[in-house]
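**Student:** generate a structure from the sequence data that follows.
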Amino acid sequence: MTDSTAGPRALATLTDIRVFDYLCTAPATRTQISADLGISKPTASQAISRLQENGLALAIDRPSETKRGRTPERYALRAEFGHLLALCLQAESLQIRATDLAGNILVDRLYALTPHSSAEEVEKMAGTEITRVHKQLRSPLLAAAVSQAAPVLREDSERVVPTEIFPASGANLAGLFDQKTPVVLDNDVNWMAVAEAENSDGSLMMLYIGAGLGAGLVIDGKLHRGRHGTAGELENQLLGEKNLREVLGEAGMFQTRVLWEKLADQRTWKPFLRPLSQVVANLVGFVDPQQLVVSGPAVTEELCQALADEVNDRLLVPVQVHSSALGAQAAAHGAIAGAREVALDKLWENYRER
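**Tutor:** This is a model prediction of the structure:
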């Protein structure tokens, strides 16, 4: 590409990205694209043509002559271009979700795990599902994301640190994909935070209460993982000479996979919420997010309100506390968003403007 063509081609790609994003919401005619994006009809037509030539779009309604005139041709994203895949491992389940680039769910399966499910069993299950999804969809895998309920360290490379909460937590799910497939790995609460941040402005703290505890921080619209990926690891936060996990363990709240079951009894709330709210209030007071979003199988509206009372009683300025609207689907939603970002970065980097 010469200097004289770099500018026009870059502008053409930007236009194609806008049209692509528009078609992600719904099929449309060239006239609709032109009007809604504020571009000329020839520009819209050229963008559609380039997207078609690159295999991204197709015409879904052919023109037909009727007594009322010619039916406009509509365009949509081409599903066969490829799919995205998310593997979401939590203490109680393994979820497999595949979508197209527009976000349409193509596959969504959930497998229950037991307290005795091993890392090897989960790896075998996930590997079988990757093959099954490929045969079912018959389209290229553009990118994958792995969500694991365990700390994910970011050093020279990403690695999962197994947790004592469930034996399968250290399963090497990211290693199941071939080297040609872009894979992004993170812990489940970070992906939940990504999902929640899609529909909110500013900053938020995601708090997960399930088999274990975790937090995700979104600051000014960006997920904050920290230098080593350990931002939001609540259980190691100190309360005097002991960390939160040790304090809750002494109260009988931390055993394998049973934290949320114990919280079904409201008599356990006080010894649970008192130390937790101290740690959360410290983080909220320091980061000062606009909201604290709470999720997990242990969370009820009553527990959420009790937590809000405990946390805000310790803060100079109260924070808005509410339960997650996405619930159990938050991790899969966020992981797919992460896979999509990786896939689109690669797509537009290698995109050809014809």
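
**Student:** all strands for the stretch 51-200 of the chain, in order.
**Tutor:** Taking DSSP state E, counting those that start in this stretch as the test, the strands found in the stretch 51-200 of the chain are 57-61, 65-66, 69-70, 74-77, 83-90, 93-99, 105-112, 141-148, 152-154, 158-160, 183-187.

**Student:** in a markdown table, list the ones you listed along with mean neighbour count, distance to residue 335 and mean pLDDT.
**Tutor:** Any C-beta I mention is one placed from the backbone N, CA and C, and that applies to glycine too. Output for those, formatted as a markdown table (neighbours: other Cβ atoms under 10 Å; distance: least, Cβ to Cβ, whole Å; pLDDT from 0 to 100):
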| stretch | mean neighbour count | distance to residue 335 | mean pLDDT |
| --- | --- | --- | --- |
| strand 57-61 | 15 | 26 | 88 |
| strand 65-66 | 8 | 46 | 53 |
| strand 69-70 | 8 | 44 | 57 |
| strand 74-77 | 19 | 20 | 94 |
| strand 83-90 | 27 | 4 | 97 |
| strand 93-99 | 21 | 8 | 97 |
| strand 105-112 | 13 | 12 | 97 |
| strand 141-148 | 27 | 4 | 97 |
| strand 152-154 | 16 | 12 | 90 |
| strand 158-160 | 18 | 14 | 88 |
| strand 183-187 | 24 | 8 | 96 |
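
**Student:** got TSV for these, with distance to residue 287 too?
**Tutor:** Below are these laid out as TSV (distance: least, Cβ to Cβ, whole Å):
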stretch	distance to residue 287
strand 57-61	42
strand 65-66	60
strand 69-70	57
strand 74-77	38
strand 83-90	25
strand 93-99	29
strand 105-112	33
strand 141-148	23
strand 152-154	20
strand 158-160	24
strand 183-187	18
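
**Student:** and those strands: which comes nearest residue 283?
**Tutor:** Minimum separation from residue 283 across those (Cβ to Cβ) falls at strand 183-187, 16.2 Å.

**Student:** which parts of the longest helix along the chain are buried?
**Tutor:** What stands out as the longest helix in the chain, according to DSSP state H, is helix 3-25. By neighbour count on 16 or more other Cβ atoms under 10 Å, the buried set for helix 3-25 is 12, 13, 15, 16, 17, 18, 19, 20, 22, 23.

**Student:** which elements pack onto the helix or strand just after it?
**Tutor:** Moving toward the C-terminus from helix 3-25, the next helix or strand (DSSP states H and E) is strand 28-29. With contacts defined as 3 or more Cβ pairs under 8 Å, 6 or more residues apart in numbering; DSSP states H and E, strand 28-29 has these neighbours: strand 74-77.

**Student:** what segments of this protein are helices?
**Tutor:** Here the chain has its helices, by DSSP H, at 3-25, 30-37, 41-53, 119-137, 188-197, 244-250, 259-262, 269-287, 301-312, 330-349.

**Student:** can you give the contact residues for the fourth one?
**Tutor:** For helix 119-137, contacts defined as Cβ atoms under 8 Å, 6 or more residues apart in numbering pick out 83, 85, 87, 89, 94, 96, 98, 106-107, 109, 111, 113, 141, 162, 167-173, 176-177.
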